[in-house]
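Novice: Prediction below, plus the sequence it came from.
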Amino acid sequence: MSALSGQSSVGFKGGASRAFPAVEDRRVLPRPLRRIVRFAVSLATGRVHIPRHIGTVSTFAFMGVVGLYGMSVGGHGVVVSQAVTASAGFAIEDVRVSGNDQTSEIDILQLLGLDGTTSLVALDIEAARKKLSDLPWVEYAEVRKVYPKTIEVTLRERKAFGIWQHGDELSLIERNGAIIGPLRDGKFASLPLFVGRDAETRAAAFVEELSGWPELGNRVRAYVRVAGRRWDLHLDNGVVLKLPEQGVQNALSVLSRLEAEQGLLERDIAAVDLRLDDRTTIQLSQGALDRRNEVLELRSKALKKAGVRS
């Protein structure tokens, strides 16, 4: 019995080894590869249905992707997108501009490059706003799309405060002294004229200081900054008022008193020097000086004659 039992045990082990060799030697594919293999087998056996013309569609799709990539690399994407969206009915046909007093609509259209074929979809709003903000008169610009074919441009323009003469050049300036641009026409001729170095930055403060003397301010035709320290006022009748560096209000009070008592500014004078606190110097005009010299000469002759006779 023990011999039979031993043989039977040995025979079972040998039989098991021969019956299941694949369990020990088989290699298992990773799960993603198994799915691919199963799909390939199904495709080969006809169990997967392929729609008609899928090859043609795939070819055109591949060519489209390659074309888009090529346009992107070559920098032609914007041009193509402009052409496609414009032809689809999004070409800009109406531009509404508001807030432009000094800026012409023609300049706006040219700057934005709107030629009737520009696409509203492809228009870069931020780039357009920056371009408009670079115009001389524009302080702030806003651009808005109104589909399908309209853009709205809203401007806030700078305000001209005066004219600044520096050398031979004339420039329009804001109240804070910032230069708007060169003076190109006469429609701003009524603005006050400021002349000299740093006159543009000191102009508003000095005009404010002069606001308490409106009758005098209305007669000023030019504010001349002298050596970056003080002002000369050129009046409408040619008289020059030389103001001090300090104590401008006291000097104007003296001038106002002389004008009230003697009508000083209506006389034949060239300048009034108010720079010194203790005295006021009057400079006669050339004509008045010549007449004065003639009178003095006649008086001298008369005195000589009177001395001889005596």
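Specialist: Happy to help now that I have it.
Novice: Where does the prediction get shaky in the stretch 201-310 of the chain?
Specialist: 288-290, 292-296, 298, 301-303, 307-310 (pLDDT under 70).
Novice: thought P244 was touching R229?
Specialist: No. Using CB atoms under 8 Å, P244 is not in contact with R229, being 9.6 Å away. Any C-beta I mention is one placed from the backbone N, CA and C, and that applies to glycine too.
Novice: Report the contact partners of V195.
Specialist: Applying CB atoms under 8 Å, 6 or more residues apart in numbering, we find V195 in contact with W164, Q165, A222, Y223, V224, R225.
Novice: and P244 and R229? which has more neighbours close in?
Specialist: P244 (16 against 10; other CB atoms under 10 Å).
Novice: Am I right that S253 sits in a strand?
Specialist: No. Read with DSSP: H, G, I helix; E, B strand; the rest coil, S253 is helix and lies in no strand.
Novice: Look up how far A222 lies from it.
Specialist: S253 sits 23 Å away from A222, going by CB to CB, to the nearest Å.
Novice: Looking at these two, which one has more neighbours?
Specialist: Legend: neighbour count by other CB under 10 Å for S253 and A222, higher for A222 (18 against 13).
Novice: Nearest to A199 among the contacts of V195?
Specialist: Lowest distance from A199 to these (CB to CB) belongs to R225, with 3.8 Å.
Novice: ok, the closest one - contacts?
Specialist: F194, V195, G196, R197, D198, A199, R202, W231.
Novice: how far does stretch 163-182 sit from the chain's center?
Specialist: The chain centre lies 17 Å from the centre of stretch 163-182; the measure is CA atoms, centre = their mean, to the nearest Å.
Novice: Could you pull out the buried residues of it?
Specialist: I163, W164, Q165, S171, L172, I173, E174, G177, I180 (16 or more other CB atoms under 10 Å).
Novice: thinking again about what came up before, mind listing which of the contacts of R225 are in strands?
Specialist: F194, V195, W231 (DSSP state E).
Novice: Please name the residues that touch the last one.
Specialist: The one in question is W231. F206, Y223, V224, R225, L243, V248.
Novice: Dump the residues you listed into JSON lines; add secondary structure as well.
Specialist: Output for those, formatted as JSON lines (three-state DSSP):
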{"residue": "F206", "secondary structure": "helix"}
{"residue": "Y223", "secondary structure": "strand"}
{"residue": "V224", "secondary structure": "strand"}
{"residue": "R225", "secondary structure": "strand"}
{"residue": "L243", "secondary structure": "coil"}
{"residue": "V248", "secondary structure": "helix"}
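Novice: Take the residues you listed and write them to CSV, including distance to R184.
Specialist: As requested, these are exported to CSV (distance: CB to CB, whole Å):
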residue, distance to R184
F206, 26
Y223, 22
V224, 23
R225, 24
L243, 32
V248, 34
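Novice: and those residues, which two are the farthest apart?
Specialist: Going by CB to CB, the pair spanning those furthest: V224 and V248, at 14.3 Å.
Novice: how far does the strand or helix carrying L111 sit from the chain's center?
Specialist: Assigned by DSSP states H and E, L111 belongs to helix 105-112. The chain centroid and the centroid of helix 105-112 are separated by 15 Å, computed with CA atoms, centre = their mean.
Novice: which residues of this protein fall in helices?
Specialist: 2-19, 21-25, 31-45, 54-74, 77-85, 105-112, 125-133, 199-209, 214-217, 248-262, 286-309 (DSSP state H).
Novice: for the record, mean pLDDT for the fourth one?
Specialist: Mean pLDDT, taken over the full extent of helix 54-74, equals 62.
Novice: about what we covered before: of all pairs in the buried residues of stretch 163-182, which one spans the longest distance?
Specialist: Of all pairs in the buried residues of stretch 163-182, the most separated under CB to CB is Q165 and E174 at 16.0 Å.
Novice: A203 reaches L191, doesn't it?
Specialist: No. Using CB under 8 Å, A203 is not in contact with L191; the gap is 10.5 Å.
Novice: Between those two, tell me which one has more neighbours.
Specialist: A203 (25 against 15).
Novice: which residues touch the more buried one?
Specialist: Taking CB under 8 Å, 6+ apart, one finds F161, G162, W164, I173, G177, P192, F194, Y223 in contact with A203.
Novice: and which of the residues you listed is nearest D134?
Specialist: Nearest member of these to D134, counting by CB to CB, is I173, at 18.5 Å.
Novice: Give me the common contacts of A203 and L191.
Specialist: With CB under 8 Å, 6+ apart, A203 and L191 have common neighbours F161, G162.
Novice: quick one on the thing from earlier: helices and strands around the helix holding L111, which ones?
Specialist: strand 94-98, helix 125-133 (3 or more CB pairs under 8 Å, 6 or more residues apart in numbering; DSSP states H and E).
Novice: With respect to V146, which of those lies nearest?
Specialist: Judging the helices and strands packed on helix 105-112 by CB to CB, what sits closest to V146 is strand 94-98, at 8.1 Å.
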